[in-house]
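Visitor: Pasting the sequence and the predicted coordinates here, then a few questions.
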Amino acid sequence: MDPKWAPYGLMAELLDSLNIGVCLFDDADLTLLWNRTFLRLFPEQDGHLHEGEHYSGNLYRFYRFRLGPEELPKIDQYVRDGVARHRAQSRPFVFEHRGKWLRVGSQALPEGGRIRIWTTIPAPNVDAGMARALTGAASISDNAIMENVADGVMLLQADGRISMINDQCLLLYGLGRDQALGLTYEELLAAAWIAQSPFPTPSGTRDHWVLKLAEDRRFAGAPFEVQLPRDVWLRVIEQRGQDGIAYSTHVDISELKRQQRAIHLAKEAADRANAAKSAFLAMISHEIRTPMNGIIGMTHLLLDSGLDERQRFYAETVETSAGTLLGIIDDVLDVSKLEAGKLTLEAIPFDPCALVEEAIRLIVPRARERNLALELVPPATAIGLRLGDPTRIRQVLLNLMSNAVKFTATGGVTIQVEQAPEDAGLVTIKVSDTGIGLNPTAIGKLFQRFEQADGTITRRFGGTGLGLHISRQLVELMGGKIGAEPRADGGSLFWFTLPLDQVVMVSAPIVTVEREPTRRIGGRVLVVEDNLINQLVAEEILSQAGFTVEIASGGQAAIDMIAASPPDLVLMDIQMPEMDGYEATRRIKTLSAEAAALPIVALTANAMEGDRQQCLAAGMIDYVAKPFDPRGLIQTVDRWILPAK
C-alpha cells in the first residue's frame, strides 16, 4: 500500500477503539484498508473483503444479505447505484442493518480516493420505508471526516501542534476554533482551565500539563484521563504515526467518574456500617457473655453442692437454658463473621469417619433422652485422611444431627459417609431421620436466614432458623454443596458434599506434644477480673480444685501484685477500665525475667474472629472464652501452671 495512506490506517485503528467503522478506497474505488469495527458491523464482509477489491464486491455481499427473493434480480442495479452514490455522496445518511442503526458519512480525500465512516446511533422514530431516504441536514465541511465522529477528535502535526479539531472537541474544552488551532495539547489544557476556572490554579499552566502528560503518555496508544474545570473528565486516546502526526479522540466520562465516586462512597459507607455492626456485636457479645459466665459458673457450683432432687431439677433447667442462650449468641456471631468475610478456614489433615463418630458421641445423650436410635453406616470404600477444616465440618454435621434428633419423635437417625465414585476428592455426609419430614415446596426456604420450612415449627420446637443458614454459608465457603429432600418412607434426608483432598502420609505424622495436664495442688493463680460475680465464680471453681486464688480488680493492680510476688499463673480479663488486658500483659512481661516467663491465659468474653490471635500476639499463652466450662478452665490451668518452686 502506498505510504501516503499510512495516516489513515492510524486513524482507522484509533476510531476502532470508539467502535466506529472505517473503510478507505482509492480513486478507482479499490479497497485500501478497513478496521475491525467495520467487520463487526458488517460480518458478511469478514473473510471475504481484501485489499484491491472493487467497492462493488463490498456492495454485492451487502445486498445479498439484505435483499429478499423478489428483489435479488435487481441486485446489479442496486450495486451500480451504490457505487455512484459512493463517488458523489456529500451528506451523511442513516440506515438499519442487522438490528442496528448506522450513520454513514463519505468524504473525498486530498490525496485522492474516499473514506467512509459508520457510526452506530439510537434508532430514529421512522418507518422502514423512510429509512433508506433518511439523510443528514448539514453538508460536509472541509474536515467532514472528523465531524462525522460523535466524540471529540483532533489532529496534531509532528511538532505537536493542533492542525484540525472537530466541533465536539471544542465543546468539551470550552474553546473556539481560533483559540485551539496552533496550540500544543498541553497549551490547550492550560487554556481550558484559564477560560473556565474562576480562580488561579496550577492546572492553568503549560508546565503543569507537561509534567503530568509525560507520565500519562508513557505507554503509546494507552488511554489516559484528564480533568477539566466544573468536574469534567475526559478519556483521551492518542495514536501517533511514524511521520509524527497524531490523531487523538476525547470522550466525556464525567458521568462515569461520578458513578465511580458514588460507588466508592457507598462502599465506604457500607464498610463503616459493617465495622460498626461488628463492633456492636463484639460489645453485645461481651456484655452478654459476662453475666452468662456468672450464671453458668454459679449453676455448676450449685450442682456440685448438696441438692435434693427437686432443687437439682431446677438447677439443671437453668444450666440447659443458659446453654441454649449461649448457642443462639454463637449463631448470631457466626452470621456476622460470615457476612463480613472475616471467618477463616483451616486446612489440616483429619479423618472424616473419626470426626463423624466423635459427633455421634456428642449427640448420644440427647438421642437417649428421646429413646431414638443412632446408626452410623460405614463407607463402602476407605475414606482415609483428608485436608480441610474439621472444626467447621463438625459444626455443620452437629447442626444437621441436632435438627434430626429434635424433629424426630420415634425411630432414629442414620448418618452415612460416602466417597464419590467418580471423584475420590469429593466426600458426602448424609443425615436421615424418621421425623416430621419435609414439604417439597418449602425446601427452598430452609437455608435462608431466620427461616424454617413451616412457621409453626418455631412454636412447636423452638429455634432461631439460623443453624441451616450458617451451615449453607460454611459449606459454600469450603467449596461444597448442601441440600435436603423428603424421604419416600417418611422423615427427611439432609446432605452436604465437600471437596476434601486426600492426604498421603509419606513419613510419620508430626505429633504436637503439649504439657500433660497434671494435677497441681496448691499452686497460686492470680485472677485479673473487674466483675465481682466473675471474680467469685473463678475463685470458687479454682479453690475447689485445690488452687490458691488471688484477685486483682484491674490491670495496674495486677502489675503491682506480680512485681511484689509473682504467682504461678495469671488468668487475665481483656476488657477492663483504665488498662485493658493486652496492655497489662505487655507491661507484666517487662517487669523482670521471672515475670516474662509467667504463663498468662486470657479469660475473656471477647469471642469475635481474631480475638484469640490478638491475645497470643500480646504475649498470652492461651485463650479461654467466657462463659467457660469449669472443667475446661481447670484443665487449662493444669496445662500451663508453673511447676512448684
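Guide: Structure received. Numbering: from 1, shown residues only.
Visitor: Do a quick rundown of the strands in the stretch 301-450 of the chain.
Guide: 348-350, 373-377, 386-388, 412-419, 426-433 (DSSP state E, counting those that start in this stretch).
Visitor: I'd like the ones you listed as JSON lines, with mean pLDDT appended.
Guide: Shown next, in JSON lines, are the strands of the stretch 301-450 of the chain (pLDDT from 0 to 100):
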{"stretch": "strand 348-350", "mean pLDDT": "89"}
{"stretch": "strand 373-377", "mean pLDDT": "91"}
{"stretch": "strand 386-388", "mean pLDDT": "91"}
{"stretch": "strand 412-419", "mean pLDDT": "92"}
{"stretch": "strand 426-433", "mean pLDDT": "94"}
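Visitor: so which of the ones you listed gets nearest Gly619?
Guide: Closest approach to Gly619 among the strands of the stretch 301-450 of the chain is made by strand 348-350 (25.4 Å; Cβ to Cβ). Bear in mind the C-beta positions are built from the backbone N, C-alpha and C, glycine included.
Visitor: List the neighbouring strands of the closest one plus their orientation.
Guide: Strand partners for strand 348-350, identified by DSSP bridges, are recorded as strand 386-388 (antiparallel).
Visitor: Flag every buried residue along the strand it pairs with.
Guide: Neighbour counts over strand 386-388 (16 or more other Cβ atoms under 10 Å) mark Arg386, Gly388 as buried.
Visitor: Would you mind pulling the contact partners of that strand?
Guide: In this structure, residues lying in contact with strand 386-388 by Cβ atoms under 8 Å, 6 or more residues apart in numbering are 346-352, 427, 478, 498, 500-503.
Visitor: Could you work out which of the strands of the stretch 301-450 of the chain reaches nearest to Ile20?
Guide: Closest to Ile20 of the strands of the stretch 301-450 of the chain is strand 426-433 (Cβ to Cβ; 50.9 Å).
Visitor: chain center to stretch 297-312: distance?
Guide: With Cα atoms, centre = their mean, to the nearest Å as the basis, stretch 297-312 stands 50 Å off its chain's centre.
Visitor: tell me the mean pLDDT for that stretch?
Guide: Averaging pLDDT along stretch 297-312 yields 86.
Visitor: Could I get the CA-only coordinates of it as PDB?
Guide: Provided in PDB are the C-alpha atoms of stretch 297-312 (Å, rounded to 0.1, in the frame of the first residue of the first chain):
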ATOM      1  CA  GLY A 297     -20.400 -20.900  86.700                       C
ATOM      2  CA  MET A 298     -22.700 -20.500  89.700                       C
ATOM      3  CA  THR A 299     -25.000 -23.200  88.400                       C
ATOM      4  CA  HIS A 300     -22.100 -25.500  88.100                       C
ATOM      5  CA  LEU A 301     -21.100 -24.800  91.700                       C
ATOM      6  CA  LEU A 302     -24.700 -25.200  92.800                       C
ATOM      7  CA  LEU A 303     -25.000 -28.600  91.100                       C
ATOM      8  CA  ASP A 304     -21.800 -29.700  92.900                       C
ATOM      9  CA  SER A 305     -23.400 -28.900  96.300                       C
ATOM     10  CA  GLY A 306     -25.800 -31.000  98.300                       C
ATOM     11  CA  LEU A 307     -29.200 -30.600  96.500                       C
ATOM     12  CA  ASP A 308     -32.300 -32.600  96.800                       C
ATOM     13  CA  GLU A 309     -34.000 -34.000  93.700                       C
ATOM     14  CA  ARG A 310     -36.300 -31.000  93.100                       C
ATOM     15  CA  GLN A 311     -33.500 -28.400  93.600                       C
ATOM     16  CA  ARG A 312     -31.300 -30.400  91.200                       C
END
